[in-house]
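>>> Okay, sequence plus prediction incoming.
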Amino acid sequence: MTAQQNSAPAGQAGAAPAHGPLLAKDARHALHPWADLSTLGKQDALVITGAQGVEVVDSRGRRYIDAIGGMWCVTVGYGREELVEAMAAQARRMPYFTPFGDVANEPAIELAAQLAALAPGDLNRVHFTTGGSTAVDSAVRIAHLYHAAMGRPEKHHVLSRVDAYHGSTYLAASLSGKEADRVRFHYEDRWVHHLESPGHDPDNSPLSADDRLTGLLDGMEAAIARIGPENIACFVAEPVLASGGVLVPPPGYHRATRELCRRHDILYVSDEVVTGFGRLGHFFASQDRFGIVPDMITTAKGLTSGYQPLGAVLISDRIADALAGTADPGKPVFSNGFTYSGHPVACAAALANIELMRREDICGHVRDVGPYFIDRLRELRGSPIVHAVRGDHLMACVECRVPGESGPTPRNMALAQRVDAYCEAGGLLVRPYENLCIMSPPLVVDRAGIDRIAGIMAGALARAEADLR
Ligand code: PLP
């Protein structure tokens, strides 16, 4: 998504005198996450300068409906004064003090208690981090510590999956299984293993959901046998794989993999950085949507609706008790955490966010409009350049294809880029990835907003298709 592609004004245009100098400074000094290195120094950024409700405005004064939700994270929408007020009040009262050792702050204590109350099962202990990557990283380290405390230090291998995304620290990036992201960095591949990608697309697959499930479980059992269950610490899994392409596993997958892990004493870490906080219609999808109680849950993003950076690992009492009960007497320290773990201003934002979500029953709203969103997008399958539409509640993607060609081929990826550009020109921001246009709008989007998203997307597909002729 670049401003270059923004070939037509969308919505109201306003004066934006600082646009040129801003872009020049950005091109000269910034290295953006996931930047296209071939354009470094020449990048023509889309500079977002304002936001309200489900819309954002750029430095040229153009308005867009934000179907990215910031980055899967702006859940209660932009301009929510109660979050801003809570953050400001906390910053005035006490902006920061160390969270290390036995020092605490009030919002972090209160938030930990509220997260424990929202979490399934006995996940009553909370370790705060600075975001999703550091939450995943911390969860794996806790799994290592747990098994070491139980006298099994050799249990340190980690199971992840192809197409997973777990973040951008060294360890979280190693767990991630998106081939497109694997570049000339180094990754930990000696003890991180990627199982088959678990998505199932009933519209295009020759396999029934049951056969697909059987294949996935056989593959997982075989991997466990090969690595040796005595060597495996944990399985890290997004309930629905988000940025790898909104991949929904076949029914029964979550319970069956949970059971496999239990049988082999492999801790189950549910990465709910995207699926948590309402995106699938519940505070946590693991139990309420998929019927499992994991050993740990990682959360971030929607935890604060993106108003502040914050992440957390929710840990079962069983794990926490084991850590406490078998602490090394010589070195009892839990040496994991960050300067900004449980930052009071971020925790104040999260508390206000939870209160707002409860008061407005945001999860109930998602359960109401989520199926409508998926249905409206599925209507787009009538387009000859749409291979598939898949998703769950308010996470979805449209998979593009040049007729007769499927998968992330160069022509299909170029086509998706074109659709993305036409969406942007029409006043809709979606997230391009390979041959996909990914969508995760703010959870407060209503039916009219969904109609707008589907309508602009339909127009963009029609224009891109016409270009092929
Ligand atoms: N886990 C999942 C499932 C994610 O989608 C992401 C980010 O998109 C992360 C972890 C990493 O989170 P962060 O970017 O906050 O470090």
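The structure has been received and is ready for your questions.
>>> Specify the next element, helix or strand, located C-terminal of the host helix or strand of G364.
Using DSSP states H and E, G364 falls within helix 362-378. Remark: after helix 362-378, the chain's next helix or strand is strand 386-392, criterion DSSP H and E.
>>> Can you get me the centre-to-centre distance for the helix or strand following that following strand and its chain?
Next in sequence after strand 386-392, counting helices and strands by DSSP H and E, comes strand 395-400. From the chain centre to the centre of strand 395-400 is a distance of 15 Å (Cα atoms, centre = their mean, to the nearest Å).
>>> right, and the helix or strand after strand 395-400?
helix 410-426.
>>> What residues of that next one count as buried?
Buried residues in helix 410-426, defined by neighbour count with 16 or more other Cβ atoms under 10 Å: 412-413, 415-426. Every C-beta, even on glycine, is put in place using the N, C-alpha and C of the backbone.
>>> Out of these, the closest to the ligand would be?
The nearest member of the buried residues of helix 410-426 to the ligand, counting by Cβ to the nearest ligand atom, is D420 at 18.1 Å.
>>> circling back: in TSV: the buried residues of helix 410-426, plus distance to V162 and pLDDT.
Formatted as TSV, those follow (distance: Cβ to Cβ, whole Å; pLDDT from 0 to 100):
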residue	distance to V162	pLDDT
N412	19	98
M413	18	97
L415	23	97
A416	20	97
Q417	23	96
R418	27	98
V419	25	98
D420	24	98
A421	29	97
Y422	30	98
C423	28	98
E424	30	98
A425	34	98
G426	33	98
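>>> still on that earlier bit, got the angle for the helix holding G364 vs strand 395-400?
10 degrees (axes from the mean of the first three to the mean of the last three Cα atoms, to 10 degrees).
>>> Not counting sequence-adjacent ones, nearest residue to whichever residue of the stretch 251-400 of the chain sits closest to the ligand?
Closest residue of the stretch 251-400 of the chain to the ligand, Cβ to the nearest ligand atom: V273 (3.5 Å). Among residues not flanking V273 along the chain, G132 sits closest, at 3.7 Å (Cβ to Cβ, 6 or more residues apart in numbering).
>>> for the one you found, phi and psi?
Dihedral pair for G132: phi -70, psi -40, per degrees, to the nearest 10.
>>> so it makes contact with G311?
Yes - the pair G132 and G311 passes the contact test of Cβ atoms under 8 Å, sitting 5.3 Å apart.
>>> Any buried residues in the helix ranked longest in the chain, and which?
If you go by DSSP state H, the chain has its longest helix at helix 447-468. For helix 447-468, the neighbour count (16+ other Cβ under 10 Å) marks 449-450, 452-454, 456-458, 460-461, 463-465 as buried.
>>> nearest to P403, of the residues you listed?
The closest of those to P403 turns out to be E465 (Cβ to Cβ; 8.9 Å).
>>> I'd like the distance between the closest one and H365.
34 Å (Cβ to Cβ, to the nearest Å).
>>> ok, and the closest non-adjacent residue to A119?
Closest to A119 by Cβ to Cβ, 6+ apart is L314, at 4.7 Å.
>>> Got phi/psi on the residue in the stretch 351-469 of the chain that the ligand sits nearest to?
Using Cβ to the nearest ligand atom, the single residue of the stretch 351-469 of the chain nearest to the ligand is S440, 9.7 Å away. Backbone torsions for S440, taken as degrees, to the nearest 10, come to phi -150, psi 70.
>>> List the contacts of it.
Residues in contact with S440 (Cβ atoms under 8 Å, 6 or more residues apart in numbering) are A67, I68, G69, W72, A242, V274, R279, L394, M395, A396, R431.
>>> Report pLDDT for the residue nearest in space to the middle of the chain.
With distances taken as Cα atoms, centre = their mean, V274 lies nearest the centre of the chain, 3.2 Å away. On pLDDT, V274 comes in at 98.
>>> ditto for the one 5 residues further on
Among the per-residue scores, R279 shows a pLDDT of 98.
>>> contacting residues for it?
W72, T75, A285, G302, V366, H393, L394, M395, S440, L443.
>>> quick one on the thing from earlier: which strands and helices sit next to the helix holding G364?
Helix 362-378 sits against strand 386-392, strand 395-400, helix 447-468, with contacts defined as 3 or more Cβ pairs under 8 Å, 6 or more residues apart in numbering; DSSP states H and E.
>>> buried ones in it?
For helix 362-378, a neighbour-count test (16+ other Cβ under 10 Å) marks I362, C363, H365, V366, R367, V369, G370, F373, I374, R376, L377, R378 as buried.
>>> Run the angle between it and strand 386-392 for me.
170 degrees.
>>> Can you get me the centre-to-centre distance for helix 362-378 and its chain?
Relative to its parent chain, helix 362-378 has a centroid offset of 18 Å by Cα atoms, centre = their mean.
>>> Pull the residues that contact it.
75-76, 278-283, 356-357, 389, 391-394, 396, 398, 439, 441, 443-447, 450-451, 453-454, 457.
>>> Need the CA coordinates for stretch 114-134. PDB is fine.
Output of stretch 114-134 as PDB, limited to C-alpha atoms (Å, rounded to 0.1, in the frame of the first residue of the first chain):
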ATOM      1  CA  GLN A 114      -9.200  -8.600  35.300                       C
ATOM      2  CA  LEU A 115      -7.400 -10.700  32.700                       C
ATOM      3  CA  ALA A 116      -7.400 -13.700  35.100                       C
ATOM      4  CA  ALA A 117     -11.100 -13.300  35.500                       C
ATOM      5  CA  LEU A 118     -11.600 -13.200  31.700                       C
ATOM      6  CA  ALA A 119      -9.300 -16.000  30.900                       C
ATOM      7  CA  PRO A 120     -10.400 -19.600  30.700                       C
ATOM      8  CA  GLY A 121      -9.600 -22.400  33.200                       C
ATOM      9  CA  ASP A 122      -6.900 -21.700  35.800                       C
ATOM     10  CA  LEU A 123      -5.000 -19.100  33.700                       C
ATOM     11  CA  ASN A 124      -4.700 -16.900  36.700                       C
ATOM     12  CA  ARG A 125      -1.200 -15.500  36.500                       C
ATOM     13  CA  VAL A 126      -0.200 -12.700  34.200                       C
ATOM     14  CA  HIS A 127       3.200 -11.700  32.900                       C
ATOM     15  CA  PHE A 128       3.100  -8.300  31.100                       C
ATOM     16  CA  THR A 129       5.200  -7.600  28.100                       C
ATOM     17  CA  THR A 130       5.500  -4.800  25.600                       C
ATOM     18  CA  GLY A 131       3.600  -6.300  22.700                       C
ATOM     19  CA  GLY A 132       2.800  -9.600  20.900                       C
ATOM     20  CA  SER A 133       6.400 -10.700  19.900                       C
ATOM     21  CA  THR A 134       7.700 -10.300  23.500                       C
END
